[in-house]
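Peer 1: Coordinates for the following, if possible.
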Amino acid sequence: MRFISCARGSWGAENSLMLLARHLNETGTHVFLLCCSDELRRQWLANVPGADVIILRGCTSSLSRLRTLLIFGWSILRTANWRNETYVIFSLDLAPIVLLRLLSWRTRFILDLHDAPRSSITKMIVYVSSLLCSRVVCISTFIARFVPAKKARVINRPIELGVKRPSSDSGRPFVVGIVGRVDPIKRIEIAVDAVAQLSADVRIEVRGESFVDVASYSRRLEVYAEQVLGSGRFVFTGKLPLDVLYDGLDLVVVANDREPSGRTVGEAQAVGVPVLVPDAGGAAEYVVDGLSGLHYRAGDSAAMADRILCLIEDAALRSNLGDAGRVSIERDRSPGAVAAEYRDAVLG
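Peer 2: The predicted structure is shown next:
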């Protein structure tokens, strides 16, 4: 199984892929990665023992998307034997590579769709590419709506069950966590506006970092949060290791109602931290409202504030949601079971 990725670093989708690849390798399905990032190559070699990783030199971040696509396409043309090989396209920018299937219908091209196409052109490219693919593996039901139903197969991404985090200490601020890449599409301002409506002692911690091209968003967000919340109630911690990423958080919230999936929701549930997500987008699919987490009306800061206040005032509810979230992750997103389902979708 040959994965193709032009990701420059390792975020939620890439971490999910490495976990999948590790379990695929352990169960006898050899995996191979073609990439253009030294960081991604290092991460794979560290986390996917036995995987073959090839990096395309000269495919730098300064190249246009078209040139990057051509470099990947040419590499596949030079190395493929076109005899029942399977390629999994893991980057939206590389979706047109599926055109190579016209050279040999015996070669399977799978599109792993884990991002929401934003522009009309990108939506068209994804739709046309999906028609040529053998199958489209979709990260959520929300994402599956962008491709023909007959091509789509929704497969949850694996989450490893972590050590349950202890309940919060009394006498300190209630800490609302926003975890992951810091980007305008995450709509963090909604959470800032929600917390501003609460009289309780609440602090927001953003645990993640920006890509270089959106770093100015982080600065604008800090200025806005200080204006709305005052000093000390909004903190950037930077990107933290997974084993401490959710320490000290009383709640993890998602503000983006177009989240393709929301891996951080599952990671929080896996360590018993309660979650609050919009009732739209892929993040909503992690939660049975009132059982394994809470929903709020998408885009509505007042609705988010009401739910946060409910959780602040009810420690038993927080505990129950955290416990049920762990159960749901263990039941629905076990890495071994998800890897078997993924293998069946790709190779079956």
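Peer 1: Pass me the low-pLDDT residue ranges in the chain, would you?
Peer 2: 61, 166-170, 211-215 (pLDDT under 70).
Peer 1: Which parts of it are strands?
Peer 2: Here the chain has its strands, by DSSP state E, at 2-4, 32-35, 52-55, 86-89, 108-113, 135-138, 152-154, 174-179, 202-207, 234-236, 251-253, 275-278, 294-296.
Peer 1: Which other helices and strands does the last one contact?
Peer 2: Taking 3 or more Cβ pairs under 8 Å, 6 or more residues apart in numbering; DSSP states H and E as the contact definition, the neighbouring helices and strands of strand 294-296 are strand 275-278, helix 301-313. Backbone N, C-alpha and C define where each C-beta goes, glycine included.
Peer 1: Identify, by residue count, the longest helix of this structure.
Peer 2: In the chain, assigned by DSSP state H, the helix with the most residues is helix 315-332.
Peer 1: Now do it against strand 174-179, angle only.
Peer 2: 20 degrees (axes from the mean of the first three to the mean of the last three Cα atoms, to 10 degrees).
Peer 1: re the thing from before, tabulate the helices and strands packed on strand 294-296 (CSV), appending mean neighbour count and distance to residue 322.
Peer 2: Below are these laid out as CSV (neighbours: other Cβ atoms under 10 Å; distance: least, Cβ to Cβ, whole Å):
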stretch, mean neighbour count, distance to residue 322
strand 275-278, 27, 9
helix 301-313, 18, 10
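Peer 1: Distance to residue 323 added to those, as TSV?
Peer 2: Converted to TSV, the helices and strands packed on strand 294-296 look like this (distance: least, Cβ to Cβ, whole Å):
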stretch	distance to residue 323
strand 275-278	13
helix 301-313	14
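Peer 1: Nearest to residue 85 among those would be which one?
Peer 2: Of all those, strand 275-278 sits nearest to residue 85, with 38.5 Å by Cβ to Cβ.
Peer 1: How far off centre is the closest one?
Peer 2: 15 Å (Cα atoms, centre = their mean, to the nearest Å).
Peer 1: Packing partners of that strand?
Peer 2: With contacts taken as 3+ Cβ pairs under 8 Å, 6+ apart, strand 275-278 sits against strand 251-253, helix 263-270, strand 294-296, helix 301-313.
Peer 1: can you list the strands of the chain in CSV and add distance to residue 195?
Peer 2: Formatted as CSV, those follow (distance: least, Cβ to Cβ, whole Å):
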stretch, distance to residue 195
strand 2-4, 40
strand 32-35, 39
strand 52-55, 42
strand 86-89, 40
strand 108-113, 33
strand 135-138, 33
strand 152-154, 33
strand 174-179, 6
strand 202-207, 5
strand 234-236, 8
strand 251-253, 9
strand 275-278, 12
strand 294-296, 13
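Peer 1: With residue 319 as the reference, name the closest of these.
Peer 2: Nearest to residue 319, of all these, is strand 251-253, at 12.1 Å by Cβ to Cβ.
Peer 1: in stretch 285-300, what's buried?
Peer 2: Within stretch 285-300, the residues that count as buried by 16 or more other Cβ atoms under 10 Å are 285-287, 292-296, 298, 300.
Peer 1: again but with stretch 317-328, I slipped
Peer 2: 318, 321-322, 324-326, 328.
Peer 1: Now render those as JSON lines, adding distance to residue 17.
Peer 2: Shown next, in JSON lines, are these (distance: Cβ to Cβ, whole Å):
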{"residue": "318", "distance to residue 17": "32"}
{"residue": "321", "distance to residue 17": "29"}
{"residue": "322", "distance to residue 17": "27"}
{"residue": "324", "distance to residue 17": "27"}
{"residue": "325", "distance to residue 17": "23"}
{"residue": "326", "distance to residue 17": "23"}
{"residue": "328", "distance to residue 17": "22"}
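Peer 1: Out of those residues, which is nearest to residue 217?
Peer 2: Of all those, residue 217 sits closest to residue 325, with 29.3 Å by Cβ to Cβ.
Peer 1: For residue 165, see how far away the closest residue to the closest one other than its chain neighbours is.
Peer 2: Nearest non-adjacent residue to residue 325, counting by Cβ to Cβ, 6 or more residues apart in numbering: residue 269, 3.2 Å away. Distance of residue 269 to residue 165, given as Cβ to Cβ, to the nearest Å: 11 Å.
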